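Peer 1: Kindly return the folded structure for what I paste below:
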Amino acid sequence: MAQMSSKPTIRFLDRTTPPHIVTLVLLAGLGAMNMSAFLPALPEMTNHFGTSYATMQLSVSAYLAVTALLQFVVGQLSDRYGRRPVILICLGVFLAATLACMVAPTVELFLVFRMVQGTVAVGLVLSRAIVRDIVPQNEAASMIGYVTMGMALVPMVAPMVGGALNQLYGWESIFIFTLLVTAIVFTLCWLDLGETASGHFTSFRDQLSDYPELLGARRFWGYVFAAAFAAGAFFAFLGGAPYVASEVYGMSSFWSGVGFGAPAIGYATGNYISGRYSTTYGINAMIYFGAIITVSGLAISLAITLIGLGSPLIFFGFCTFVGLGNGLVMPNASAGMMSVRPHLAGTASGLGSAILIGGGAGLSALAGHVLTLGTTSAPLQWIMFLSAGMALVSIIYVQRRERAVQGV
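Peer 2: Just a heads-up that it's a prediction; the model follows:
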């Protein structure tokens, strides 16, 4: 199907037309659900497989690493072969990998199949591409906002559902739930997802030829590091929070799931504030304030823990500031990456996302390792605080660099 007009005809459950926004929201949210629903069960799964928490935590960090790698290839494949077949094939692979995770006899096999589950990242990557296919640029930002907002709501609910299922029926029930939801989304995509790609694409070799110009732009790196370190605080939380909830504070799976939803509440709020005020105050100011909010919240949380007054409410409550700060930093830093060299916006977006998620995988793995060396949440809070601090340093560098370029 060629590039759509400004008002394409969309009929729900009719694959001869572009997909309905409901389909895109559910497709994008599937990856977020798969990332967060099983977090409350990590301690139980560690015991089930008779391994260490640091090894079991690779189900988070290795999964993120695979997702980072997919950023490079999914878009290219869908440009060449179409959005619809790539999405359906990846969802089919994800279904098989989910079933394999549930019945894996060893932790090694579980981790292999868990990494294969990374194919579900196709939902987030291509839902945005489809939006760009079917509406003009001035309407795409608004429609992507709806898709992203729907995706941001999933991590608020998924950990609670996962925690309740784990507590009632065991960790395998979470993967059964994931199978059922994915089957529904697959069926919806089969019936509703019309092809939207134009058939025109840039080869991977041509894309690589653009990298030297982009990599030589210092402001690009400033925005990338601001986003990567801000997100790094959240990814470290993903890697370490299950251990903190279970081993440090002795929380049940259900209440752990409630706690894991705290950053998502802040993130949804931050996204709303970004949409409301970014045009008024500018992207650099929004990133700066987002980094300040994250650093401040984590500093207070860490200080309270260090004086011996740490509690689940303090730890998870102040993690809301991590989500709030990310909601301000991420959309504005993404816009900044693409604005440094506007003619390389697509390359900047893909490369920036890969670096961001790859760095998050490393911090997630680090969090899982250092927590086992102590008996408090402080090691995790230190990692999150230092990562947020580096995001603040990065945006300050961008601001100074911009003033120097403008001669102010």
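Peer 1: pLDDT weak spots in the stretch 251-400 of the chain?
Peer 2: In the predicted model of the stretch 251-400 of the chain, residues 338, 342-347, 349-350, 372-374 satisfy pLDDT under 70.
Peer 1: is it true that Val93 touches Val116?
Peer 2: Yes: with contact defined as C-beta atoms under 8 Å, Val93 reaches Val116; the gap is 6.6 Å. (Each C-beta comes from the backbone N, C-alpha and C, glycine too.)
Peer 1: what residues do the two have in common as contacts?
Peer 2: Overlap of the contact sets of Val93 and Val116 (by C-beta atoms under 8 Å, 6 or more residues apart in numbering) is empty.
Peer 1: how much distance is there from stretch 227-239 to the middle of the chain?
Peer 2: Average the C-alpha atoms of stretch 227-239, do the same for its chain, and the two points are 10 Å apart (C-alpha atoms, centre = their mean, to the nearest Å).
Peer 1: Averaged pLDDT, it. What do you get?
Peer 2: Averaged over stretch 227-239, pLDDT sits at 87.
Peer 1: show me the contacts for Ser278.
Peer 2: With contact taken as C-beta under 8 Å, 6+ apart, Ser278 is in contact with Met286, Pro331, Asn332, Ala335.
Peer 1: The first one and Ser274 touch, don't they?
Peer 2: It stands for Met286. Yes: Met286 lies in contact with Ser274 (C-beta under 8 Å); the separation is 6.0 Å.
Peer 1: shared neighbours, these two?
Peer 2: Jointly contacting Met286 and Ser274 under the rule C-beta under 8 Å, 6+ apart are Leu328, Asn332.
Peer 1: Between these two, point out the one with more neighbours.
Peer 2: More crowded of Met286 and Ser274, by other C-beta atoms under 10 Å: Met286, with 26 against 23.
Peer 1: Assign the residue nearest to that one when sequence neighbours are not counted to helix, strand or coil.
Peer 2: In space, Met286 comes closest to Asn332 once its chain neighbours are excluded; the distance is 4.4 Å by C-beta to C-beta, 6 or more residues apart in numbering. Under DSSP: H, G, I helix; E, B strand; the rest coil, Asn332 falls in the helix class.
Peer 1: Distance-wise, check Asn332 relative to Ala388.
Peer 2: Distance of Asn332 to Ala388, given as C-beta to C-beta, to the nearest Å: 16 Å.
Peer 1: quick one: which of the two has more around it?
Peer 2: When Asn332 is set against Ala388 and neighbours are counted by other C-beta under 10 Å, the residue ahead is Ala388, at 31 against 26.
Peer 1: what about the closest residue in space to the more buried one that isn't next to it in sequence, how many neighbours?
Peer 2: Across the structure, with C-beta to C-beta, 6+ apart as the measure, the residue nearest Ala388 apart from its sequence neighbours is Thr294 (4.2 Å). A count of neighbours around Thr294, defined by other C-beta under 10 Å, yields 32.
Peer 1: What are the buried residues along whichever strand or helix holds Thr294?
Peer 2: Applying DSSP states H and E as the criterion places Thr294 in helix 283-306. Across helix 283-306, burial judged by 16 or more other C-beta atoms under 10 Å covers 283-295, 297-299, 301-302, 304-305.
Peer 1: one step back: pretty sure the residue nearest to Met286 sits against Tyr288.
Peer 2: No: distance between Asn332 and Tyr288: 9.5 Å, which falls outside the contact criterion (C-beta under 8 Å).
Peer 1: if I look at the two, which residues touch both of them?
Peer 2: With C-beta under 8 Å, 6+ apart as the test, Asn332 and Tyr288 reach no residue in common.
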